[in-house]
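*Asks:* Structure for this input, please:
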Amino acid sequence: MKGASRGISAVRRSKTNDADRIDCAEMDWFVALAFLGFCWWRAAKARERAAELAATGIGRSPLYWVSNALVAVLFGLVLYIAHLPDQSPVPALLWLAALPIIVALLFLRRALK
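*Replies:* Numbering: from 1, shown residues only. Next up is the predicted model:
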């Protein structure tokens, strides 16, 4: 037995190689259509929200732009943390940088309401 020398039983090896694959081609279309519908719905809601914010003049508010810049910085920080190699610890400085950004965003959100 070839598999026995590597510690794999012949029964297990044959079951994994001969297993029938599930055909999900029909489900792919459904998921794609649902995703496109969700994107369409979010775009419509974003247009409504942008029209509401433009009417109030929030686009000229420096607090609004500071909060958007902090969201971009936090997003970049999170992507950097996600880009770190697997099984490596996240430096404490990154967590200490993310915490004040999150707190500042909460205060800015409250101030913009």
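
*Asks:* How is this protein partitioned into domains?
*Replies:* Following the assignment in automatic domain parsing, the chain carries domains at 23-56, 58-113.

*Asks:* how about these in TSV, adding mean pLDDT and mean neighbour count?
*Replies:* No exception for glycine: its C-beta is placed from N, CA and C like everyone else's. Listed next are the domains of the chain as TSV, based on pLDDT from 0 to 100; neighbours: other C-beta atoms under 10 Å:
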stretch	mean pLDDT	mean neighbour count
domain 23-56	88	10
domain 58-113	88	11
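
*Asks:* could you point out the longest helix in this protein?
*Replies:* In the chain, with assignment by DSSP state H, the single longest helix is helix 25-56.

*Asks:* Ala98: what's it in contact with?
*Replies:* Ala98 is in contact with 74, 77-78, 81, counting by C-beta atoms under 8 Å, 6 or more residues apart in numbering.

*Asks:* and the helix or strand hosting it with helix 25-56, angle?
*Replies:* Taking DSSP states H and E as the criterion, Ala98 maps to helix 92-112. Helix 92-112 runs at 60 degrees relative to helix 25-56, counting by axes from the mean of the first three to the mean of the last three C-alpha atoms, to 10 degrees.

*Asks:* Please write out the alpha-carbon positions of helix 92-112 in CSV.
*Replies:* Extracted in CSV, the C-alpha atoms of helix 92-112 (Å, rounded to 0.1, in the frame of the first residue of the first chain):
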residue,chain,number,x,y,z
ALA,A,92,1.4,47.6,20.5
LEU,A,93,2.0,50.9,18.9
LEU,A,94,-0.5,50.0,16.2
TRP,A,95,-3.2,49.2,18.8
LEU,A,96,-2.3,52.4,20.7
ALA,A,97,-2.7,54.4,17.5
ALA,A,98,-6.0,52.8,16.6
LEU,A,99,-7.6,53.4,20.0
PRO,A,100,-7.5,57.3,20.0
ILE,A,101,-8.7,57.3,16.4
ILE,A,102,-11.7,55.3,17.3
VAL,A,103,-12.5,57.5,20.3
ALA,A,104,-12.0,60.7,18.2
LEU,A,105,-14.4,59.3,15.5
LEU,A,106,-17.0,58.6,18.2
PHE,A,107,-16.8,62.2,19.5
LEU,A,108,-16.9,63.6,15.9
ARG,A,109,-19.9,61.5,15.1
ARG,A,110,-21.7,62.9,18.2
ALA,A,111,-20.6,66.4,17.3
LEU,A,112,-22.0,66.1,13.7
